[in-house]
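In: Here is my input; please provide its structure:
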Amino acid sequence: HTHTHTEPHNTRTHMASPAAVYFAGSIRGGREDAALYQVIVQHLKQKYVVLTEHVASDELTQRGEASLSEVEIHDRDMAWLRQSNIIVAEVTQPSLGVGYEIGRAVELRKPIICLFRPSSGRSLSAMIGGATNEHNFSVVEYTTAEELLPRLDGLITKALAL
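Out: Predicted coordinates for the structure are as follows:
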């Protein structure tokens, strides 16, 4: 009689490594929201691997990372962007770098969640606000971190499932 070989159960699904999040926030464009980035990154780190946690660092000023050349920063950040499972971008403080990262992430077909506070009195760029027809791209408006963070986990879970 024929012996049927049974595959061992895949245990990887039960111990899947946490998703990698690319958090984007303004550095040279202005550090006004640095404390907020910190709160968001600390929250994300409870469940996910945050590749760019330096964006939230106290030590990081508007001058950026002095120890690295601009080419090194770009190449490292692009490697992290490719490695990430999802991009979470705080877009209230306008930043060319964040806009560029979002554009590259769209090209890479990564899920993208943009966070924006209308209460800032700023207007969101139409290139971000109008990109919601792109693959897995959303703009989430919020007022405070306390109100945002409970919603964020659900939004990330949903985006990663698409």
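
In: any low-confidence regions in this protein?
Out: 1-15 (pLDDT under 70).

In: got the contact list for the lengthiest helix in it?
Out: Secondary structure of the chain per DSSP state H: the longest helix is helix 145-161. Here helix 145-161 makes contact (CB atoms under 8 Å, 6 or more residues apart in numbering) with 19, 21, 36, 39-40, 43-44, 47-48, 85-86, 88, 111-113, 115, 136, 138, 140, 142. (Each C-beta comes from the backbone N, C-alpha and C, glycine too.)

In: of those residues, buried ones?
Out: Restricting the contacts of helix 145-161 to buried positions leaves 19, 21, 36, 39-40, 43-44, 48, 85-86, 88, 111-113, 115, 136, 142, with burial counted as 16 or more other CB atoms under 10 Å.

In: ok, the closest residue to Arg122 other than its chain neighbours - contacts?
Out: What sits nearest to Arg122 in space, not counting adjacent residues and going by CB to CB, 6 or more residues apart in numbering, is Thr92, at 6.2 Å. Listed by CB under 8 Å, 6+ apart, the contact partners of Thr92 are 33, 115-117, 120, 122.

In: who wins for most neighbours among those?
Out: Neighbour tally across those (other CB atoms under 10 Å): the maximum, 24 neighbours, falls on Leu115.

In: And stretch 100-119, end to end?
Out: 24 Å (CA to CA, to the nearest Å).

In: What's the separation between the residue nearest to Thr52 when sequence neighbours are not counted and Asn133?
Out: Leaving aside its chain neighbours, Thr52 sits nearest to Phe23 (5.0 Å; criterion: CB to CB, 6+ apart). With the distance defined as CB to CB, to the nearest Å, Phe23 ends up 24 Å from Asn133.

In: So which of the two has more stuff around it?
Out: More crowded of Phe23 and Asn133, by other CB under 10 Å: Phe23, with 25 against 6.
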